[in-house]
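Participant: Return a 3D structure for these sequence lines:
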Amino acid sequence: MNIRQLEYFLAVADCKSMTLAAATLGVAQPTLTKTVRALELELGVKLFERMPRGMELTPYGQSLLRHAEAIKVQFWDAKSEIGALRGGKYGTVVIGAGPAWLRRLLPAAVAKAIEKNPSIRVRVEGGFDNALLRSLRHGAVDLVIAELPATEAPRDLKMQPLTSDRLGVCCRKTHELNGMRKPPLSALLRYPWVMPPQTTRAHQRLKALFVATDLPPPTSVVETESMAFILQMVRYSDALTFTVSTTLKLPEARDIVMLDVPQLAAVRNAGIITRKNGWLSPAAEAIVDELVAICEREHTN
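Facilitator: Residues are numbered from 1 along each chain as shown. Model prediction:
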């Protein structure tokens with residue numbers, strides 16, 4: 001088994017088609033088919049089943065997929081590390097960041113790192129929770145700056161706490177709920193909600209808090225990955241959302257307030273997430289150092 005076989009296997013698993021995978025890889029389809037078949041013969045199992053809608057992984061293929069993705073990431077980590085050592089370069093870093101980090105502390109850290117090391121090159125990808133962690137595990141990003149997952153969950157990840165913040169229900173300043181002292185949860189269900197996708201931890205936490213009080217969770221009339229869109233919806237309607245207090249410092253959050261709803265009070269811890277055995281380039285290390293220094297002064301984000 002070699003890295004090329006694994007790369008070809010991963011392409012077929014992703015494209016679910018020999019034809020599409022061959023085009024993506026830039027190789028002839030017979031070459032791809034022969035390589036995958038050789039891998040199956042070496043392992044003594046079928047990795048794919050031909051289905052009406054394309055190639056589907058067998059249970060053996062699903063098992064190999066988990067290991068192949070990790071091997072590919074480690075291989076590219078090793079290649080990048082050797083290249084950096086040989087060339088003495090700071091290199092490029094790809095950062096996955098949650099919405100709050102994109103607007104506040106991360107830009108300052110990146111700017112400071114580049115000021116000290118002009119050769120650094122940075123690409124920043126925005127997103128939420130599980131999508132960011134999936135990109136990290138697949139090697140699409142080098143590190144993630146976002147809410148930290150539960151410490152017992154990701155054994156393959158390393159977490160460095162940086163900040164904490166409180167989560168709460170937010171509405172526009174002129175909303176009738178804003179004049180109500182400790183509004184009951186049942187009152188919140190009378191209004192539309194605008195939320196990030198259901199897969200995000202904030203959304204899941206809100207649902208769990210309602211269920212814990214024997215009430216149905218609110219139904220979102222709009223779900224979006226754009227925090228700017230969420231805030232504008234809240235500003236111009238009676239819609240409610242559930243977010244961290246520092247979001248209200250953004251320009252888009254003008255005239256938005258956080259309600260005093262003790263049953264929905266929660267704390268969000270955030271920080272740096274990396275692959276446990278992954279390698280960070282000097283560029284990534286420089287940005288991490290600046291971010292840590294900033295967060296020693298700013299304890300919320």
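
Participant: can you confirm residue 107 is in a helix?
Facilitator: Yes. With DSSP: H, G, I helix; E, B strand; the rest coil as the criterion, residue 107 is part of a helix.

Participant: Touching, residue 272 and residue 143? I think so.
Facilitator: Yes. Taking contacts as Cβ atoms under 8 Å, residue 272 lies within contact range of residue 143: 5.9 Å. C-beta here means a position set from N, CA and C on the backbone, and glycine is covered the same way.

Participant: who's more crowded, these two?
Facilitator: residue 143 (26 against 22; other Cβ atoms under 10 Å).

Participant: list the contacts for the more buried one?
Facilitator: By Cβ atoms under 8 Å, 6 or more residues apart in numbering, the contact list for residue 143 reads 93, 95-96, 136, 272-274, 280, 284, 288.

Participant: Try it again at 7 Å.
Facilitator: Residues in contact with residue 143, defined by Cβ atoms under 7 Å, 6 or more residues apart in numbering, are 95, 272-274, 280, 284.

Participant: what's the closest non-adjacent residue to residue 11?
Facilitator: residue 21 (4.1 Å; Cβ to Cβ, 6 or more residues apart in numbering).

Participant: How much space separates that neighbour from residue 45?
Facilitator: Distance of residue 21 to residue 45, computed by Cβ to Cβ, to the nearest Å: 19 Å.

Participant: In terms of packing, which of the two has more residues around it?
Facilitator: Each of residue 21 and residue 45 has its neighbours counted (other Cβ under 10 Å); residue 21 has more, 23 against 14.

Participant: In which helix or strand does that one reside?
Facilitator: Here residue 21, judged by DSSP states H and E, is contained in helix 18-25.

Participant: helices and strands around the helix or strand following that helix, which ones?
Facilitator: Under the assignment DSSP H and E, the closest C-terminal helix or strand after helix 18-25 is helix 29-43. Applying 3 or more Cβ pairs under 7 Å, 6 or more residues apart in numbering; DSSP states H and E, one finds that helix 29-43 makes contact with helix 3-15, helix 18-25.

Participant: Tell me the pLDDT of the residue nearest the centre of the chain.
Facilitator: In the chain, the C-alpha nearest the mean C-alpha coordinate belongs to residue 132, at 1.7 Å (Cα atoms, centre = their mean). Looking at residue 132, its pLDDT is 91.

Participant: Beta-bridge partners for the residue lying closest to it once chain neighbours are set aside, please?
Facilitator: The shortest distance from residue 132 to any non-neighbouring residue, by Cβ to Cβ, 6+ apart, is to residue 96 (4.1 Å). Note on residue 96: beta-bridge partners residue 125, residue 144, judged by DSSP bridges.
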